[in-house]
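S.K.: What shape does this take:
(chains A and B)
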Amino acid sequence: LAKTTQPISMDSYEGQEVNITCSHNNIATNDYITWYQQFPSQGPRFIIQGYKTKVTNEVASLFIPADRKSSTLSLPRVSLSDTAVYYCLVGGTTSGTYKYIFGTGTRLKVLA
Amino acid sequence: NAGVTQTPKFRILKIGQSMTLQCAQDMNHNYMYWYRQDPGMGLKLIYYSVGAGITDKGEVPNGYNVSRSTTEDFPLRLELAAPSQTSVYFCASSSSGGGNSPLHFGNGTRLTVT
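M.R.: Have a look, this model is predicted:
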């Protein structure tokens, strides 16, 4: 199972772009990379998912280099409401297992 | 669609009591998961299921039991509750285990064991 490593916490100011990098050195061929956002007292919420290169949606971009050993979540022009914990999750059908193990997450604090 | 529904939202148990946390999804998802989250910490996988009648252990299964008799329901049973089981419990589901299907989470059950 691919283990993920993220920074424990980050601070940013409103209007800035925030990049959170996740390391997953032993990612398997079939694994996808998914990012979730969690606010206090709520379940995690899907943000974006990718397999390789770059993926963009209305809230974020996900950059994945060719070796896929890391990925970077990019949040453009953050606001106070983006203060949350962000989790990188790597998983797939490798070895027939379907466990999705969350890492420690990155606690993002957006300052005014 | 209601998505993933968890009941109850809150519960206080005395040490040694038992209870069942309910989880139901209406998305016809085969894959379902139970996580616990201690205060200020990340999510730990307790049990998961890849379909009705099939369950398997996650990272922290001790003290818990699950069953999956239908596609929709995945209850989590706590036997002999202990203070260490004080936590927020989240249920999740996904349409496939291929990694390209996002997890859909419920709003959690906050459990206190005293």
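S.K.: quick one: the closest residue to A:Asp11 other than its chain neighbours from A:Arg45, how far?
M.R.: Spatially, and ignoring its direct neighbours in sequence, A:Asp11 is nearest to A:Lys109 (5.0 Å; C-beta to C-beta, 6 or more residues apart in numbering or on different chains). In short, each C-beta sits where N, CA and C put it, glycine included. Relative to A:Arg45, A:Lys109 is positioned 18 Å away (criterion: C-beta to C-beta, to the nearest Å).
S.K.: where does the chain have low pLDDT?
M.R.: Just going to use chain A. Residues of chain A meeting the criterion pLDDT under 70: A:1-2, A:92-98.
S.K.: looking at chain B here, not the other one
M.R.: By pLDDT under 70, the weakly predicted segments of chain B are B:1, B:97-98.
S.K.: picking that back up, neighbours around the residue nearest to A:Asp11, how many?
M.R.: 12 (other C-beta atoms under 10 Å in any protein chain shown).
S.K.: The helix or strand hosting it packs against which elements?
M.R.: Take DSSP states H and E as the rule and A:Lys109 turns out to sit in strand A:106-111. With contacts defined as 3 or more C-beta pairs under 8 Å, 6 or more residues apart in numbering or on different chains; DSSP states H and E, the secondary structure elements packing on strand A:106-111 are strand A:9-13, strand A:18-23, strand A:84-91.
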